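Peer 1: Sequence and predicted structure are below.
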Amino acid sequence: MDTLQNMRVFVRVVEAGSFTGAAQSLNSTTGAMSRAVSELEAHLRTRLLNRSTRRLALTTAGERYLTRCQQILADVSTAEEEASCAHERPTGALRMHSFASIGQHYVLPAISRYRALYPEVTVELTLSQRMPDLFEGSADVAVIGASTLPNSDLVSLPLGTTFSILCASPAYVRAHGAPQKPADLAHHECLILHTPAFPPHDWVLEGPNGCETMEVNGPVHVNIAESLIVAIREGMGIGMLPLYAAISGLRDGTLVRVLPQYTAQKMNIYALYPSRKFIDAKTRTWVEFLRTHLPKVIARDEALLAEVDKAQISDGVIPAGASSGADIATQ
């Protein structure tokens, strides 16, 4: 029995004053109207209407039930309207998941600009280094970085491609020198960043001689790029940082780039969400915003890296004639 539909029929019968009138307004039959009310009475084990050949009259129980039905049906109508609007107008809480470093450097600044366009959307952002299970309902959309994605039922939208570079502190370079080729890393302290995207101990460097894989280890292991930055600044060794995490330190001089002819860990950034069907307006507009916004930010970071490389060449930190890693990455 469809209780909600039978409630609608009962209310319409009372409002129309007859089964025939209710049937006409609902484009149904008098018999279907009568059966719906009878089913409802049998379900409730009480009579709602006193019937005669000339008129219908509510029982005392029917009067109370009518009031409740009208309230329930009004709430259902409101809920349906709100749900429908969710597909038309961005509003409500948008639950996001992001890898920690991507979230801090790319997602949070993007949220600020997105909310300037859609102020009725509030954001609940969770940062972690694990791949979220979006089907469990903990988030509406995730922003992650990976070389490739495993097969899944998730919708994946590529947002751009970035890469990592090798960095050290000026003090470390003064004390230990800078490696001139990847093999020289064997004689340096290498700081290890654990992420879901890449094996931590295999540094695959892409440069003038193609791809060279170096197996590295070191005294400090961390799982967040911002923690690795602290270790590098403290002079603990050489670390591999995503460009978006390194660029600020390179510009203010607290980090210097080593092996500038090489880039590493080419990484695609994706937006993930469970389904294309019935995607609500806040998720749809957020993903569309990222698709136009993020490539511009990535291009900005690569341009800033090229500027830093030129400055380090003029200062003698990078040998003259060395190619910029940003140039290599875009060839």
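Peer 2: Yep, it's here. Worth saying up front: this structure is predicted, and the values here are computed from it rather than measured. Numbering: from 1, shown residues only.
Peer 1: Let me see the domain layout of this structure.
Peer 2: 3-86, 96-148+273-294, 161-269+303-330 (automatic domain parsing).
Peer 1: Compare those and report which one is nearest to Leu154.
Peer 2: domain 96-148+273-294 (6.1 Å; CB to CB). Backbone N, C-alpha and C define where each C-beta goes, glycine included.
Peer 1: what distance separates the longest helix along the chain from the middle of the whole chain?
Peer 2: Longest helix in the chain, counting residues (DSSP state H): helix 281-315. Taking CA atoms, centre = their mean, to the nearest Å, one finds the center of helix 281-315 at 18 Å from the center of the full chain.
Peer 1: which parts of that helix are buried?
Peer 2: Residues 281-283, 285-287, 289-290, 293-294, 297-298, 301-302, 304-305, 308-309, 312-313 are the ones in helix 281-315 that count as buried (16 or more other CB atoms under 10 Å).
Peer 1: Same question for stretch 246-264.
Peer 2: 246-247, 249-250, 255-264.
Peer 1: what's the most distant pair in those?
Peer 2: Gly249 and Gln261, at 19.8 Å, using CB to CB across these.
Peer 1: so which helix or strand takes in Ala93?
Peer 2: Element membership for Ala93 (DSSP states H and E) is strand 92-99.
Peer 1: hmm, who's touching the very next helix or strand once past that strand?
Peer 2: Beyond strand 92-99 on the C-terminal side, the first helix or strand identified by DSSP H and E is helix 100-102. Helix 100-102 is contacted from outside by 127-129, 143-145, 224-226, 242, 244-245, 269, using CB atoms under 8 Å, 6 or more residues apart in numbering.
Peer 1: try 6 Å
Peer 2: Helix 100-102 is contacted by residues 127, 129, 143, 145, 224-225, 245 when judged by CB atoms under 6 Å, 6 or more residues apart in numbering.
Peer 1: looking just at contacts, which helices and strands does the longest helix of the chain meet?
Peer 2: If contacts are counted by 3 or more CB pairs under 6 Å, 6 or more residues apart in numbering; DSSP states H and E, helix 281-315 sits against strand 155-168, helix 243-252, strand 263-273, helix 325-330.
Peer 1: Rebuild the ones you listed as CSV, extending it with distance to Ile192 and mean pLDDT.
Peer 2: Converted to CSV, the helices and strands packed on helix 281-315 look like this (distance: least, CB to CB, whole Å; pLDDT from 0 to 100):
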stretch, distance to Ile192, mean pLDDT
strand 155-168, 13, 93
helix 243-252, 15, 94
strand 263-273, 13, 91
helix 325-330, 20, 48
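Peer 1: All set now, cheers.
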